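Q: Pasting the sequence and the predicted coordinates here, then a few questions.
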2 protein chains.
Amino acid sequence: MSTLENSGPADQGLQTLDESQLTVLRRIDEVLRLAGRQCGAKEIGFPSLSSVESLSKIDYFRNFPHLGLAVAALRADKVSALAADAAGTGDSFESDALVAPRYFLPSAACYPIYAHLRDRELVDAERVTTVQRCFRNEERFEGLARLLAFTMREVVVVGAQAQVREFLEERKRWVQRFASGLGLDLAVQVATDPFFEAGGQRARMQQLFPVKEEFVFDGSVAVSSVNFHRNFFGQRWNIRTADGEFAFSGCVAFGLERWLHALTRRWSGDAGAILEMLDGSPVGTAST
Amino acid sequence: MSTLENSGPADQGLQTLDESQLTVLRRIDEVLRLAGRQCGAKEIGFPSLSSVESLSKIDYFRNFPHLGLAVAALRADKVSALAADAAGTGDSFESDALVAPRYFLPSAACYPIYAHLRDRELVDAERVTTVQRCFRNEERFEGLARLLAFTMREVVVVGAQAQVREFLEERKRWVQRFASGLGLDLAVQVATDPFFEAGGQRARMQQLFPVKEEFVFDGSVAVSSVNFHRNFFGQRWNIRTADGEFAFSGCVAFGLERWLHALTRRWSGDAGAILEMLDGSPVGTAST
């Protein structure tokens, strides 16, 4: 199964996946989606691009400016010049060929959920699951374990602090059961912030992610994380609970290609065996 | 089912999908994937970004410069300035904040297939199916029918001219059966090139797409197209048939959100009825 794992332009963090890898990836996501539904989450599909405005609102550019990948069209004069140029090969572009970027590629799946709930007063806790193609301009890439473009499934809860903490504890146990059923021995680690370079930024980072635990395969590959955001997103998007307080939030994230990587390593690329185990996982029986 | 269709920032070509829309979208893609497999295509998953070099090689920037969306990280000095700035809101960027773009977002799913087959001599015709999140910087957007970000499933054939023509004819009949089984009355139209503005560019466009037929819903929404590329991609990527000639190629493309749009309109948003009909489509019975 892993024959194609390194056949793409892997040095750039981009991977080409073969049929059996795609089948496993889809099945992992299906199980996670069903598990999300089973704990009361509804699914929403958000756009593939995030506006600069929405990211600015949650301090994205203070905390992750190095990871960001902007999206911009070519300038009209450049478009005209290209269309009129019969030469046809050897194009390359400088940034001044582009218009000002209005969007960035998502680097996490859950941000649009909080924006979606803006100005709401929640009668009960909201649970949402979503999957997104995410992008991170990392300094180095490594096979399926560290990609420029990858897929993230998240389950999010927004509500009162106690509801959020309880949900995250319950989901944490679910991830452990799920991994265990797949034969994966994951270490739970309180996360340091590998994204961060300067100490002065850490304080703001901790405001966003004061509690982050990672599920780590093979000592270094965080396949999932559980994150408690306090009421950061509630404040920024004016989401309130029934008592008028800003809502708290938390999320559980699954890096699908990292789970594929871990399962492939653990089971020597035996896709059939992996699919059988996925069928037997906590919510593995239904097909849709 | 269509309640969320216009709830996203629709004016910008981005849509938020609800659970029943996502369920239908996944099921459409599943049927198309199985139909692809049934006609001998293997599935490959390609990276979410295309290098400028690979797009330049197939004259992308001569033909579609206006549709292209470049991807670029922030410059190192900009990253440092942002991370050090405690203010935290109201960011906006000019293009000079970006490094030179090395990637563009895909505007079609099939281009990487030809690159994947580069320098190959094909013993028999190659059939490949792939799905990709695609992006087009259109001048105007319209609900699910014309999106900035959308999903395209393609089935591609690369081989001798007769093999390609036969495959496309057979697939064309399949699309008609598939649509008919879903109660959709699609008009088959020889496509003009709506992407094109100036007459002088048309000749080169026709080299890429000399034969293009579209399956049109409701007079204006092309949900699928059948395309014959002659040996254009074979020449550019040095793909040859067993007799040493440059390979011909063709593709059948499905705009998934447009199929969702057409089915939603046709069946007044009755997701249950649509899913039942999808179960009865030419390859609708297996679940994976």
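A: Yes, it's here. Residues are numbered from 1 along each chain as shown, chains lettered A, B, ... in the order given.

Q: low-confidence ranges in the stretch 101-250 of chain A?
A: Residue ranges of the stretch 101-250 of chain A with pLDDT under 70: A:192-210.

Q: which residue does it bring closest to chain B?
A: Nearest residue of the stretch 101-250 of chain A to chain B, counting by CB to the nearest CB: A:Ala149, 4.0 Å away. All C-beta spots, glycine's among them, are computed from the backbone N, C-alpha and C.

Q: Distance of that residue relative to A:Pro106?
A: According to CB to CB, to the nearest Å, A:Ala149 stands 11 Å off from A:Pro106.

Q: Likewise for A:Gly143?
A: 22 Å.

Q: and the residue lying farthest from the centre of chain A, what helix or strand is that in?
A: The C-alpha centroid of chain A is most remote from A:Ala86, which lies 41.7 Å away (CA atoms, centre = their mean). Under DSSP states H and E, no helix or strand contains A:Ala86.

Q: how close does it get to chain B?
A: Remark: distance between A:Ala86 and chain B (CB to the nearest CB, to the nearest Å) = 7 Å.

Q: For the stretch 51-200 of chain A, which segments count as helices?
A: Secondary structure of the stretch 51-200 of chain A (DSSP state H, counting those that start in this stretch): helices located at A:52-57, A:60-63, A:76-84, A:111-116, A:161-181, A:199-208.

Q: Format the ones you listed as TSV; extra columns: distance to chain B.
A: As requested, the helices of the stretch 51-200 of chain A are exported to TSV (distance: least, CB to the nearest CB, whole Å):
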stretch	distance to chain B
helix A:52-57	4
helix A:60-63	5
helix A:76-84	4
helix A:111-116	7
helix A:161-181	19
helix A:199-208	5
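
Q: got the ones you listed as a markdown table, with mean neighbour count columns?
A: Below are the helices of the stretch 51-200 of chain A laid out as a markdown table (neighbours: other CB atoms under 10 Å in any protein chain shown):
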| stretch | mean neighbour count |
| --- | --- |
| helix A:52-57 | 19 |
| helix A:60-63 | 22 |
| helix A:76-84 | 16 |
| helix A:111-116 | 22 |
| helix A:161-181 | 17 |
| helix A:199-208 | 14 |
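
Q: what do A:Ala149 and A:Pro106 both touch?
A: Taking CB atoms under 8 Å, 6 or more residues apart in numbering or on different chains as the contact rule, A:Ala149 and A:Pro106 both touch A:Arg133, A:Cys134, A:Phe135.

Q: what is the first one paired to in the beta sheet?
A: According to DSSP bridges, the residues that bridge with A:Arg133 are A:Thr151.

Q: Tell me, how many residues neighbour it?
A: By other CB atoms under 10 Å in any protein chain shown, 17 other residues sit near A:Arg133.

Q: Show the contacting residues for the closest residue to A:Phe254 other than its chain neighbours.
A: Nearest non-adjacent residue to A:Phe254, counting by CB to CB, 6 or more residues apart in numbering or on different chains: A:Arg153, 4.6 Å away. Applying CB under 8 Å, 6+ apart to A:Arg153 gives the contacts A:Asp29, A:Leu32, A:Arg33, A:Gly36, A:Ala109, A:Thr129, A:Thr130, A:Val131, A:Ala253, A:Phe254, A:Leu256.

Q: if I pick the last one, what's in contact with it?
A: So the one you mean is A:Leu256. A:Leu25, A:Ile28, A:Asp29, A:Val131, A:Phe150, A:Thr151, A:Met152, A:Arg153 are the contacts of A:Leu256 under CB under 8 Å, 6+ apart.

Q: Nearest spatial neighbour of it, chain-adjacent residues omitted?
A: In space, and not counting its chain neighbours, A:Leu256 is closest to A:Thr151: 4.2 Å by CB to CB, 6+ apart.

Q: just A:Phe228 next, same as before
A: A:Val211 (3.9 Å).

Q: I figured the one you found hits A:Ser225, correct?
A: No. Contact between A:Val211 and A:Ser225 fails when scored by CB atoms under 8 Å: they sit 10.4 Å apart.

Q: Tell me the pLDDT of the residue lying closest to A:His66 once chain neighbours are set aside.
A: Nearest residue to A:His66, sequence neighbours excluded (CB to CB, 6+ apart): B:Val79, at 4.8 Å. B:Val79 is assigned a pLDDT of 95 by the prediction.

Q: what's the answer for A:Glu257, then?
A: On pLDDT, A:Glu257 comes in at 98.

Q: for A:Gly90, same thing?
A: Looking at A:Gly90, the pLDDT reads 83.

Q: what's the burial count for it?
A: By other CB under 10 Å, 10 other residues sit near A:Gly90.

Q: show me the contacts for it.
A: Applying CB under 8 Å, 6+ apart, one finds that A:Gly90 lies in contact with B:Ser56.

Q: same deal with A:Val99?
A: With contact set as CB under 8 Å, 6+ apart, A:Val99 has these partners: A:Ala72, A:Ala73, A:Leu74, A:Arg75, B:Ser95.

Q: The residue farthest from the centre of chain A reaches B:Arg62, doesn't it?
A: Yes. A:Ala86 is within contact range of B:Arg62, at 7.5 Å (criterion: CB under 8 Å).

Q: Who's the closest spatial neighbour of A:Gly181, skipping the chain neighbours?
A: Counting by CB to CB, 6+ apart, the residue nearest A:Gly181 is A:Ser281, at 5.0 Å.

Q: again but with A:Ala97, I slipped
A: A:Ala97 sits nearest to A:Lys78 (CB to CB, 6+ apart), 4.6 Å away.

Q: did I read that right, A:Ala35 in a helix?
A: Yes. Assigned with DSSP: H, G, I helix; E, B strand; the rest coil, A:Ala35 falls within a helix.

Q: Return the distance of the residue nearest to it when sequence neighbours are not counted relative to chain B.
A: Once flanking residues are discounted, A:Ala35 sits nearest to A:Val283: 4.6 Å by CB to CB, 6+ apart. Distance check for A:Val283 against chain B: by CB to the nearest CB, it reads 15 Å.

Q: can you check A:Phe254 too?
A: Applying CB to the nearest CB, the value for A:Phe254 to chain B is 17 Å.

Q: next helix or strand past the one helix or strand that residue maps to?
A: Using DSSP H and E, A:Phe254 sits within strand A:248-255. Proceeding N to C from strand A:248-255, the next assigned helix or strand is helix A:256-266, under DSSP H and E.
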